[in-house]
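Novice: model the structure of this input:
(chains A and B)
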Amino acid sequence: MRALWSQANPGFVPPSSADFDFEPIFGNSILFTKPVLLVFLSVIIAGSFFTLSARKAAIVPSKLQFAGESIYTFIRNELGRDVIGPEFMRFVPFLFSLFIFILTNNVFGIVPLLQFPTMSHIGFPIGVTIFSYVTYHFVAIKKHGLGKYVKDICFMPGIPKPVYLILTPVELLTYLVTRPLTLSMRLFANMFAGHLLLLVFTLGGEYLLTSGLILKFLSLFSFSFAIGLSFFELGIQALQAYIFTLLTALYIAGALADEH
Amino acid sequence: MFSKIGFLASAEAGASPVIPKPAEIIVGFVAFGLLFLIIRARAVPRFEKAYKDRTEAIEGGLERAETAQREAAEALQMYKAQLADARGEAATLREEARAEGSVILEQMRATAQEEATRITASARASIEAERQVAFNSLLNEVGALATELASRIVGESLDDAARASRVVERFLADVEKSQ
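Specialist: Sure, this is the predicted structure:
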C-alpha cells in the first residue's frame, strides 16, 4: 500500500495530496475510483433514506419519518422560508438536496471503512457549485430581465458615480467568479484539510505502532487524538454542508430581491 | 491504513489537488442532479403532504372546538331569549289581567251607577205618580168638600161671620177626622 510498508523502515512519510489519488478499482475507467463510487453511494443512501422516510407521510410520524422530517424541516424553514422569503417553496427541493448531498459525502470522511470525504476532490464541489451558480443567475434574469440584472450588478443604485470605477469590477468579479470559486473552494479545502489531519494522526499512530516499545505506547495517544478529531470533523462536515446551502440560499434571495 | 481498505492509493504524486478532474466535475454534477430529481419527486411532496395533513388535522380540531363553543353560546343565547320571552309574556299577562280587572270594575261601577240612577228615577216617577194620584183625588175631594161646605154655609147662615168661621173650622175638623 504505502511506500513505507514495502521498504524496511525508511522513517515516517507524512501524508500528502498523493493520498487523495485513487487508482480505478477495476479496469482503467475513472468511473470506478473510490471517490466516484462514493458519490453514487451517497445518492443511493440519501435518496433511499429520504424516500423511505417520506413515503408514508403520516400525521403522526414514525421514528424514521421523524428523523427525515426533522432535517427537511430544518432546511425548509431555516434556510428556505427565513432566508428566501415568500417564494421559497420553489427552491426547497434544491436546497434540501444540496444539504443532504454534501452532508452525506462529507460524513463519508469518518464512516469506518469508507473514510473518505468525497468533497475533498475539488471536482465534486465544482459539479455541485454549477447548480448554485446557474440557479441564482437564472432566477435573477428571469425575475428582472437580463438587462436590468447586468445593470444592477455593474451600477449598483444609490452610489456616487466615481465609486463605480472600483465597485463595478468588484461586483462583476463577485457575481461571476468569487462566489462560485469560494463556494466550491471552501467546501473542498475544509474537507481536504480535515482528512489530511486525520491521516496525520492515523498514519502517525500506525508508524509509531510499528516502531519501538515506547513508541508503540505513544501510538495510543495518536490514535485517540485521531478518534477525537473524527468527532470534531463531524461538526465541520455538517457545518460545511450547512454553509454551502446557506450561501446558495442567500444568493438566491439576493437574486430575488428588488435591489442588489 | 483504515481509509485505504480495499482500495489502492496511487503512488505517483499527481496533479495539484486544486486542479479539478473534468470527469469528477461531471460525476458530481450528474450525481447531484440525480439526487435532486429523486428528492424532488419522492421526498419533498410527501413531506409537504404530511405537513399539510398535520396542519389540517390541528386546524380541524380547533375548528371543531370552535364550532362546539359557538353552538353552546347559541344555545345559551336561545335559552336566555326564551327566558326573557317567558318573563315578558308573564308580565304582559299580568298587565292584561290588571287592565281587564279594572275594565270589569269600571263596567260594574257603571252598571251600579246606572242601576242606582234607574232606581232613583223610577222611585221619583212613582212618587210623582202617587203625588199626581193624591193630587187628583184631593182635587176631587176638595171639590166635593167645597160643594158640601158651601151647601152647609148656605144652609145655616151666611151673614154671621163668627158662625161662618166656626162652620169652616168644624168642617176642617171633620175632614181631618175622616182622613
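Novice: max-length helix in chain A?
Specialist: Of all the segments assigned as helix in chain A under DSSP state H, the longest by residue count is helix A:213-256.
Novice: and that one, does that touch chain B?
Specialist: No. In terms of Cβ under 8 Å from any Cβ of the partner chain, no part of helix A:213-256 sits within range of chain B; the closest distance is 9.4 Å. Backbone N, C-alpha and C define where each C-beta goes, glycine included.
Novice: just how off-centre is that helix within its chain?
Specialist: Mean C-alpha position of helix A:213-256 versus that of the full chain (Cα atoms, centre = their mean, to the nearest Å) differs by 11 Å.
Novice: can you pull the pLDDT of A:P35?
Specialist: Listed pLDDT for A:P35 reads 91.
Novice: that one and A:F124 touch, don't they?
Specialist: Yes. Under the criterion of Cβ atoms under 8 Å, A:P35 lies in contact with A:F124, with a separation of 7.2 Å.
Novice: how close does the most far-flung residue of chain A relative to its centre get to A:S219?
Specialist: Here chain A has its C-alpha centre computed as a mean, and the residue farthest from that point, by Cα atoms, centre = their mean, is A:L213 with 40.8 Å. Separation of A:L213 from A:S219 (Cβ to Cβ, to the nearest Å) stands at 11 Å.
Novice: repeat that for B:Y51.
Specialist: Counting by Cβ to Cβ, the gap from B:Y51 to A:S219 is 51 Å.
Novice: also A:I110?
Specialist: From A:I110 over to A:S219 the distance is 20 Å, taken as Cβ to Cβ.
Novice: the more surrounded of those two?
Specialist: The neighbour count for A:I110 versus A:S219, taken as other Cβ atoms under 10 Å in any protein chain shown, is higher for A:I110 (21 against 18).
Novice: what sits against the more buried one?
Specialist: Taking Cβ atoms under 8 Å, 6 or more residues apart in numbering or on different chains as the contact definition, A:I110 lies against A:L198, A:S230, A:F231, A:E233, A:L234, A:Q237.
Novice: let's see 6 Å
Specialist: Counting by Cβ atoms under 6 Å, 6 or more residues apart in numbering or on different chains, A:I110 touches A:S230, A:E233, A:L234.
Novice: wait, A:L95 touches A:L247, no?
Specialist: No. The pair formed by A:L95 and A:L247 falls short of the contact definition of Cβ atoms under 6 Å, at 10.8 Å.
Novice: who has more neighbours, the two?
Specialist: A:L95 (25 against 18).
Novice: residues in contact with the more buried one?
Specialist: A:L95 sits next to A:I75, A:L79, A:G80, A:T245, A:A249 when contact means Cβ under 6 Å, 6+ apart.
Novice: could you redo the last one with a cut-off of 8 Å?
Specialist: Contacts were defined as Cβ under 8 Å, 6+ apart; by that measure A:L95 touches A:I75, A:R76, A:L79, A:G80, A:T245, A:T248, A:A249.
Novice: just to check, the fourth one is in contact with A:P93?
Specialist: No. Taking contacts as Cβ under 8 Å, A:G80 lies outside contact range of A:P93: 9.8 Å.
Novice: tell me which of these two has more neighbours.
Specialist: Using other Cβ under 10 Å, the more surrounded residue of A:G80 and A:P93 is A:G80, with 27 against 21.
Novice: can you pull the contacts of that one?
Specialist: Taking Cβ under 8 Å, 6+ apart as the criterion, A:G80 is in contact with A:F88, A:M89, A:F91, A:V92, A:L95, A:A249.
Novice: was I right about the first one contacting A:R81?
Specialist: Spelled out, it's A:F88. Yes. With contact taken as Cβ under 8 Å, A:F88 and A:R81 are classed as touching, separated by 5.0 Å.
Novice: tell me which of those two has more neighbours.
Specialist: Relative neighbour count places A:F88 above the other of A:F88 and A:R81, with 20 against 15, counting by other Cβ under 10 Å.
Novice: what's the helix or strand for A:R179?
Specialist: Taking DSSP states H and E as the definition, A:R179 sits inside helix A:179-209.
Novice: helices and strands around that helix, which ones?
Specialist: helix A:123-144, helix A:213-256 (3 or more Cβ pairs under 8 Å, 6 or more residues apart in numbering or on different chains; DSSP states H and E).
Novice: any idea which of these is most buried?
Specialist: Of all the helices and strands packed on helix A:179-209, helix A:123-144 carries the top mean neighbour count, a mean of 21, counting by mean count of other Cβ atoms under 10 Å in any protein chain shown.
Novice: how distant is it from the center of its chain?
Specialist: Centre to centre, stretch against its chain (Cα atoms, centre = their mean), the figure for helix A:123-144 is 16 Å.
Novice: any regions of the stretch 151-260 of chain A where pLDDT drops low?
Specialist: Within the stretch 151-260 of chain A, the stretches with pLDDT under 70 are A:259-260.
Novice: repeat that with 50
Specialist: Residues of the stretch 151-260 of chain A meeting the criterion pLDDT under 50: none.
Novice: need the CA coordinates for the lowest-mean-pLDDT helix or strand in chain B. CSV is fine.
Specialist: Least confident helix or strand of chain B, by mean pLDDT, DSSP states H and E, is helix B:161-178 with a mean of 78. C-alpha atoms of helix B:161-178 as CSV (Å, rounded to 0.1, in the frame of the first residue of the first chain):
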residue,chain,number,x,y,z
ALA,B,161,-169.1,85.8,60.3
ALA,B,162,-168.3,84.1,63.5
ARG,B,163,-170.7,81.4,62.7
ALA,B,164,-169.2,81.0,59.3
SER,B,165,-165.7,80.6,60.6
ARG,B,166,-166.9,78.1,63.2
VAL,B,167,-168.6,76.2,60.4
VAL,B,168,-165.4,76.2,58.4
GLU,B,169,-163.4,75.1,61.4
ARG,B,170,-165.8,72.3,62.2
PHE,B,171,-165.7,71.2,58.6
LEU,B,172,-162.0,71.1,58.6
ALA,B,173,-162.0,69.1,61.8
ASP,B,174,-164.4,66.7,60.2
VAL,B,175,-162.2,66.4,57.2
GLU,B,176,-159.2,65.7,59.5
LYS,B,177,-161.2,63.1,61.4
SER,B,178,-162.3,61.4,58.2
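Novice: which elements pack onto it?
Specialist: Applying 3+ Cβ pairs under 8 Å, 6+ apart, we find helix B:161-178 packed against helix B:44-155.
Novice: quick one: the helices in the stretch 1-150 of chain A, in order.
Specialist: Residue ranges of the helices in the stretch 1-150 of chain A, as given by DSSP state H, counting those that start in this stretch, are A:3-6, A:34-55, A:63-73, A:82-84, A:92-107, A:123-144, A:146-154.
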